[in-house]
Each structure stands twice: as C-alpha cells, then as structure tokens.
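Peer 1: Pasted the sequence and its predicted model underneath.
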There are 2 protein chains.
Amino acid sequence: MTHAPTEACGPRDVYAAACPCRDMLDLLANKWSALALGALEEGPRRFGEIRARLQGISPKVLTHTLRRLEEHGLIDRTIYPAVPLHVEYSLTPLGHDACEPLAQLRDWVEVNIDRFPKVLLPAG
Amino acid sequence: MTHAPTEACGPRDVYAAACPCRDMLDLLANKWSALALGALEEGPRRFGEIRARLQGISPKVLTHTLRRLEEHGLIDRTIYPAVPLHVEYSLTPLGHDACEPLAQLRDWVEVNIDRFPKVLLPAG
DNA sequence: GGCACCTAGTTCCCATCGGGAACTATACTT
DNA sequence: AAGTATAGTTCCCGATGGGAACTAGGTGCC
C-alpha cells in the first residue's frame, strides 16, 4: 500500500468539499503560490531572490507561502550554513509538474489582459 | 483607441506588482473562481445550481465571487423576472477562454492528487 | 570592542476575506 | 394566513494578507 490506487482517496473530485483535491486546488489556485512556483522553474532560488522576483510580497507572506508549498511536497528547502546564512528553495518533481498548468494560467493572463474591461485597467 | 495595443497597459508582467495582470491573476488564481467558471462551462446556470455544484460554498461567498467575475467581464448576469425570481449566470467569450487554463489546473489536481504527501490525504 | 551590514526570517497590528447560521424580499400555492 | 421557492443579505467571528518594524547569527570595518 505504498501508493494507493485511485479509489482509496475518494472520488477525486475538486467539486466535492471533502475531497483532498479541494485543499490542493486551494493551495495551487493562489496568486503567490502560482508566482513562487514559476520563479523556481528556472532553477533553485534563495529567499531574497524569490522575494525580489515576486514584487510586492512581504517576507511574512513569502515565508508562509513557501512553508505551505514545502509541506505539500511541491518544493524543497535546503539550508547551507555558509558565511551569511544561505537557504535555497527548489522544485520537487511534483512541483515541477505543477508548474505546467500554472504557467499556462500566468501566460493566459498576460496574453489576454487587454480583453478585460478597460475601467479596471489603470493605464489602459 | 478602442483596443489598446500591447504597450499601452504596461509591461504585461504578472510578476510586476503594478501591472493589472496581477489583479487578474489574483481573481483567476482562486479556488472559488476556478470552480465557478468551470461550473458554467457546460452552459448557463442559476444561482442555486452553482451553489449546489460548488459543494461547501456559502451564499455570501458565492455572491461575492460571481459579482467579481461579472465586474471583470468573465460572466454575464441575467435576471428573468419570472414567477419565482430567476437569475442566470453565463460565460462571456472572455470567460469561456479563461476556462481553458483553469480546467487544466483542476484536471491536474485530480490526476496528481495521489502524488501528494499521504499525511495530508485524510483517507489516503 | 563597538557599530553597521547581510541574510532569512519573526512579530505586531490592523484591514479584508472566508465561513456558518440566520434572516429578508418577492411572489405563488394551498 | 401559512408555507414554499429563489436569490440573495446580514451578523458574527476566526483566518488570511499586508505594511512596518524588529530579531538572530555571523562578517567586516574602524
């Protein structure tokens, strides 16, 4: 029973409140998660680098986001006790795979942003 | 100037805090938005139908979610002043297109749910 | 020694969001 | 007059997100 078959964990329906899929969707369908995973797509990054890439995120929220992704097995956190402390975040295989749909969502937004009502686009 | 070219609205970068892309990502990268748009993919649905499909959502949050999607031009809200009041929600062309990446995200979660750490999967 | 600096956070406070339960409004049915 | 149905709204409260300031371990500078 190392890897339960499809039936073991319920109906696998994101629309079912009790299905664990719901929690996973909640984790991934999140602005900061989508951006953080994307930032790690090109390779491992340090806390400060991710923080700089995700413009506008506060250190508190970034810590929380990364911890959640780590708990759910999407990223690894490696501490290098070097001269100035060095912590590196990297995608797990699962996290790498999750990047695909998230990248498509990010790309879709960038491509279609002009189609949104102009009132909502400040410098439109 | 009916439809501004790519430059008019900034750099089109979801990673830029000031880019309107950020707001759109925040809207779409959301559990309830992703589920609600998916529920409308098969055709127009009424408030009660959507509520029943999105198991666990409260009427307050559903109202808020639908209003936000409407404001951003992803869905239409049509009132039929029939016998018992009848309100129908339907996808706009923009909303229809947004369903593609969202469906991929939902599907990815359902397909890969078993790969997540088992501690987090209640009935795993 | 004392002070500023660097990295990676943590802590505090507050505004907004999300969730449950109950209530409202309108109109028809019995 | 009471009950049913639809589409919400309102209230309360705990969780989440955001800004600003502070902490901790260690280095280099004077």
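Peer 2: Thanks, I have it. Numbers count the residues shown, from 1 in each chain, chains lettered A, B, ... in the order given.
Peer 1: residues in contact with the biggest helix by length in chain A?
Peer 2: Using DSSP state H to define each element, chain A has its longest helix at helix A:93-112. Residues outside helix A:93-112 that contact it (CB atoms under 8 Å, 6 or more residues apart in numbering or on different chains): A:28, A:33-35, A:37-38, A:40-41, A:69, A:73-75, A:91, B:12-14, B:21, B:24-25, B:28-29, B:94, B:97-98, B:100-102, B:104-105, B:107-108, B:112, B:115-116. Backbone N, C-alpha and C define where each C-beta goes, glycine included.
Peer 1: tell me which element residue A:57 is part of?
Peer 2: In this assignment (DSSP states H and E), residue A:57 forms part of neither any helix nor any strand.
Peer 1: can you pull the contacts of it?
Peer 2: A:32, A:35, A:51, A:65.
Peer 1: CA atoms only for the longest helix of chain A, dumped as PDB, please.
Peer 2: Extracted C-alpha coordinates of helix A:93-112, given in PDB (Å, rounded to 0.1, in the frame of the first residue of the first chain):
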ATOM      1  CA  PRO A  93       9.400  16.600  -9.300                       C
ATOM      2  CA  LEU A  94       5.800  17.100  -8.200                       C
ATOM      3  CA  GLY A  95       6.300  20.800  -8.000                       C
ATOM      4  CA  HIS A  96       7.900  20.800 -11.400                       C
ATOM      5  CA  ASP A  97       4.900  19.100 -12.900                       C
ATOM      6  CA  ALA A  98       2.500  21.500 -11.200                       C
ATOM      7  CA  CYS A  99       4.300  24.400 -13.000                       C
ATOM      8  CA  GLU A 100       2.800  23.400 -16.300                       C
ATOM      9  CA  PRO A 101      -0.800  24.300 -15.600                       C
ATOM     10  CA  LEU A 102       0.200  27.300 -13.600                       C
ATOM     11  CA  ALA A 103       2.500  28.700 -16.300                       C
ATOM     12  CA  GLN A 104      -0.400  28.400 -18.700                       C
ATOM     13  CA  LEU A 105      -2.600  30.300 -16.400                       C
ATOM     14  CA  ARG A 106       0.000  33.100 -15.900                       C
ATOM     15  CA  ASP A 107       0.600  33.200 -19.700                       C
ATOM     16  CA  TRP A 108      -3.100  33.300 -20.400                       C
ATOM     17  CA  VAL A 109      -3.500  36.400 -18.200                       C
ATOM     18  CA  GLU A 110      -0.600  38.200 -19.800                       C
ATOM     19  CA  VAL A 111      -1.900  37.400 -23.300                       C
ATOM     20  CA  ASN A 112      -5.500  38.300 -22.600                       C
END
